[in-house]
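Chemist: Sequence below, structure please.
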Amino acid sequence: SSSNSSSSGKLKIPHDRLWTPAELKGEFAVDLLAGFPVLLRLPVQWGEMDAFQHVNNVVYVRWFEAGRINYMLHALDPADAKFMQGVELGPILQQTSIRYRAPVEFPDEIVVATRTTGMTVDSMTQEHKILSKAHKRVVAEGHSTVVCFNYVAGKRTPWPEKILQAVHKVEATVNNTVPMLPSPAHKKAQ
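Modeler: Predicted coordinates:
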């Protein structure tokens, strides 16, 4: 069985709790985390380094992914966790971008900070920051666009209302509001 599922088949939150800036103070530059409701703390693994003796660039994409998944699992009611399994509806990554600011080496710990900055009827944009404990600064930042996908029909679909409400609830914990943006022109009926 997978580390993210129990014997009953329900998804577990991969990390036991959300971290708060106050808990990370003194270890990380917590002033850089303002406005990010979901903070994921991860150890840097020796095997994540490449021949250039720093964490390989693709690992940052995985750290963004871990932040996105952790965000959604914390936002969702446990009864709705099947949404993350893509049984019928689920999120799927459309695009991501990263700006690398400093190399990370083993040993170190990082915090992946994630927030939702905008939504359309069927997509959401999330902002990510990765902070290094050793560097006490942002070592990478970027954005991801995730769409709601109907895996049975094989196409995009509107977010269920309970998902929209869950995202707004998570963002409200740090006094953020998530603007509902108009859908891109290319999606409008011709």
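Chemist: quick one: the strands in the protein?
Modeler: Listed in chain order, the strands of the chain (DSSP state E) span 38-43, 89-100, 109-119, 123-132, 137-150, 155-156.
Chemist: Setting aside sequence neighbours, what's the nearest residue to Ala102?
Modeler: Excluding its sequence neighbours, the residue lying closest to Ala102 (C-beta to C-beta, 6 or more residues apart in numbering) is Val139, at 4.5 Å. In this view, the C-beta of every residue, glycine as well, is placed from N, C-alpha and C.
Chemist: Burial check on the one you found, number of neighbours?
Modeler: 21 (other C-beta atoms under 10 Å).
Chemist: Repeat that for Val87.
Modeler: 10.
Chemist: list the contacts for the nearest residue to Ile98 once chain neighbours are set aside?
Modeler: Spatial nearest neighbour of Ile98, excluding adjacent residues (C-beta to C-beta, 6+ apart): Gly142 at 4.0 Å. By C-beta atoms under 8 Å, 6 or more residues apart in numbering, Gly142 lies in contact with Tyr60, Phe64, Thr96, Ser97, Ile98, Arg99, Glu127, His128.
Chemist: Pull out the buried residues from those residues.
Modeler: The neighbour-count test (16 or more other C-beta atoms under 10 Å) applied to the contacts of Gly142 identifies Tyr60, Phe64, Thr96, Ile98, Glu127, His128 as buried.
Chemist: Retrieve the pLDDT associated with the first one.
Modeler: It stands for Tyr60. Model confidence at Tyr60, given as pLDDT, is 97.
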